[in-house]
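Visitor: Sequence and predicted model, in that order:
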Amino acid sequence: MGLCVLGTLPLELVLGARVYRQPRRLFLAMLVPLCVFVVWDVLAISWGHWTYTPRYVSGWDLPGSLPVEELVFFLVIPVCGLLTLETVRKLRGR
């Protein structure tokens, strides 16, 4: 996840994607998908539809047995996607 953030950070700092400079807009854009996917994961874990191999997670679980890595994934990947989208929009003149 760290490499994803580092890899897209130049989009904000060098190319001016302006995602981090609009924290309220970023928060609002991520709020619904974050809630939906967290609830979805917690339900799937509680119903036994899927689990996480202990070898690949830290062992730190949030309420609902959600690994902290899963929450980080739900935060980092959409931000990287938004950075990419906003950079493409800027470069295309939109």
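Guide: On my side now, so go ahead. Residues are numbered from 1 along each chain as shown.
Visitor: Just want the most central residue of this protein.
Guide: Leu75 (2.3 Å; C-alpha atoms, centre = their mean).
Visitor: which ones are touching that one?
Guide: Counting by C-beta atoms under 8 Å, 6 or more residues apart in numbering, Leu75 touches 30, 34. For every residue, glycine as well, the C-beta is placed using N, CA and C.
Visitor: that's a strand at it, yeah?
Guide: No. Leu75 is assigned helix when assessed by DSSP: H, G, I helix; E, B strand; the rest coil, not a strand.
Visitor: Could you check how far Gln22 is from Leu6?
Guide: Distance, Gln22 to Leu6, using C-beta to C-beta, to the nearest Å: 21 Å.
Visitor: neighbouring contacts of the helix-or-strand element of the chain with minimal mean pLDDT?
Guide: For the chain, using mean pLDDT, DSSP states H and E, the weakest element among its helices and strands is helix 2-13, scoring a mean of 89. Helix 2-13 is contacted from outside by 17-21, 76-77, 79-80, 83-84, 86-87, using C-beta under 8 Å, 6+ apart.
Visitor: mind running it again at 6 Å?
Guide: When contacts are defined by C-beta atoms under 6 Å, 6 or more residues apart in numbering, helix 2-13 is touched by residues 17, 19-20, 76, 80, 83, 87.
Visitor: What count of nearby residues applies to Val38?
Guide: 17 (other C-beta atoms under 10 Å).
Visitor: ah, wrong one, I meant Glu86
Guide: Around Glu86 there are 19 other residues, counting by other C-beta under 10 Å.
Visitor: Can you classify it as helix, strand or coil?
Guide: From three-state DSSP, the assignment for Glu86 is helix.
Visitor: Kindly report the same for Leu31.
Guide: Secondary structure for Leu31, judged by three-state DSSP, is helix.
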